[in-house]
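*Asks:* mind folding the following:
(2 chains)
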Amino acid sequence: MEGKSFSYMIGMCVGIFVVVLVLTLIRKRRGCAGNEYDERQIMVRGNAFQKAFFTLMIYLMLDSIVSVSWRPWTTPGINDILGIFLAIGVFMMAAIRGDAYFSLKEKPRTFRLLCLIVIFCQLPNVIITVHSAEESFLTNGCLNDNCLSVACSVLFATVMVAITVHEKRRAAEDEDGEDA
Amino acid sequence: MKNLRLKAARAAKDLSQQQLAEKVGVSRQTINAIEKGDYNPTIRLCLAICHALERTLDELFWEEA
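*Replies:* Next up is the predicted model:
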């Protein structure tokens, strides 16, 4: 994060705030109550949290081993953020697989749109980094904060594909007479 | 183990999994998982299903030893 101006950080915070605000307004407009999950979904989500937690533990352990025995592979802080992305990804995939990511009232379509927006917001940074002579994904041979845009895009693209595939599978099950 | 009695009771009431799920306040996948024997519901959900299908717990969920 070194070298980034204060206005850059403020811009990032404002961006996050705007996304949260828009989502809250959409939810209010549609009259969505709080997230409601049934008992099976709560159980599946619990297992998903557990998987995500252990994934993060294992990642941090491997990250420490690599950093100590070889050399740091990212600039300070980036390895932790990548680990959090990985854990979030594991949670989302496990919950989606168990039909427990979306509450009883939520629609996957809205979430897919949000994923697209996130990916679209990350693209400019990726394109600038790829084409710029000054910017790069590496600083002294270590992954820097520019790689976070790629990681974020990959995370949301993977989740979007997983949701789409799962939805298609569910639709096929419905056509087959509700999974006889 | 598949719960064919639940499936039969639902069919007798002419309800789809989605309709039964809405009646008892769970997702369709949960009803599907119960019918397939992939999920053991709590007594609370069992009772809700029994009320929705107008059957007793024994009729839908009791397993003979």
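
*Asks:* any idea which helix or strand in chain A has the lowest mean pLDDT?
*Replies:* helix A:6-29 (a mean of 81; mean pLDDT, DSSP states H and E).

*Asks:* show me what that helix is packed up against.
*Replies:* Packing partners of helix A:6-29 (3 or more Cβ pairs under 8 Å, 6 or more residues apart in numbering or on different chains; DSSP states H and E): helix A:108-131. In this view, the C-beta of every residue, glycine as well, is placed from N, C-alpha and C.

*Asks:* does the helix it packs on reach chain B?
*Replies:* No: Helix A:108-131 stays clear of chain B (Cβ under 8 Å from any Cβ of the partner chain), getting no nearer than 12.5 Å.

*Asks:* so who does B:Glu54 touch?
*Replies:* Each residue near B:Glu54 by Cβ atoms under 8 Å, 6 or more residues apart in numbering or on different chains is listed here: B:Lys13.

*Asks:* actually, A:Asn79.
*Replies:* Per Cβ under 8 Å, 6+ apart, neighbours of A:Asn79: A:63, A:67, A:72-73.

*Asks:* of those, just say which sits nearest to chain B.
*Replies:* A:Asp63 (35.7 Å; Cβ to the nearest Cβ).

*Asks:* please tell me I have it right and that closest one contacts A:Leu86.
*Replies:* No: the pair A:Asp63 and A:Leu86 does not pass the contact test of Cβ atoms under 8 Å, sitting 10.3 Å apart.

*Asks:* what about A:Ile163, how many neighbours?
*Replies:* 20 (other Cβ atoms under 10 Å in any protein chain shown).

*Asks:* show me what the host helix or strand of it is packed against.
*Replies:* Mapping A:Ile163 onto the secondary structure by DSSP states H and E places it in helix A:147-175. If contacts are counted by 3+ Cβ pairs under 8 Å, 6+ apart, helix A:147-175 sits against helix A:78-97, helix A:108-131.

*Asks:* any low-confidence regions in chain A?
*Replies:* By pLDDT under 70, the low-scoring segments of chain A are A:1-4, A:30-35, A:174-180.

*Asks:* which one's the longest helix in it?
*Replies:* helix A:39-69 (DSSP state H).

*Asks:* B:Cys50 and B:Asp14, how far apart?
*Replies:* Using Cβ to Cβ, to the nearest Å, one obtains 17 Å as the distance from B:Cys50 to B:Asp14.

*Asks:* tell me where chain B has helices.
*Replies:* Counting by DSSP H, the helices of chain B are B:4-12, B:17-24, B:28-36, B:43-53, B:57-61.

*Asks:* check those helices for me and report the most buried one.
*Replies:* Ranked by mean neighbour count under mean count of other Cβ atoms under 10 Å in any protein chain shown, the helices of chain B are led by helix B:28-36, which reaches a mean of 23.

*Asks:* by contact count, what packs against it?
*Replies:* Helix B:28-36 packs on helix A:39-69, helix B:4-12, helix B:17-24, helix B:43-53, going by 3+ Cβ pairs under 8 Å, 6+ apart.

*Asks:* since that was my last question, I'll sign off now.
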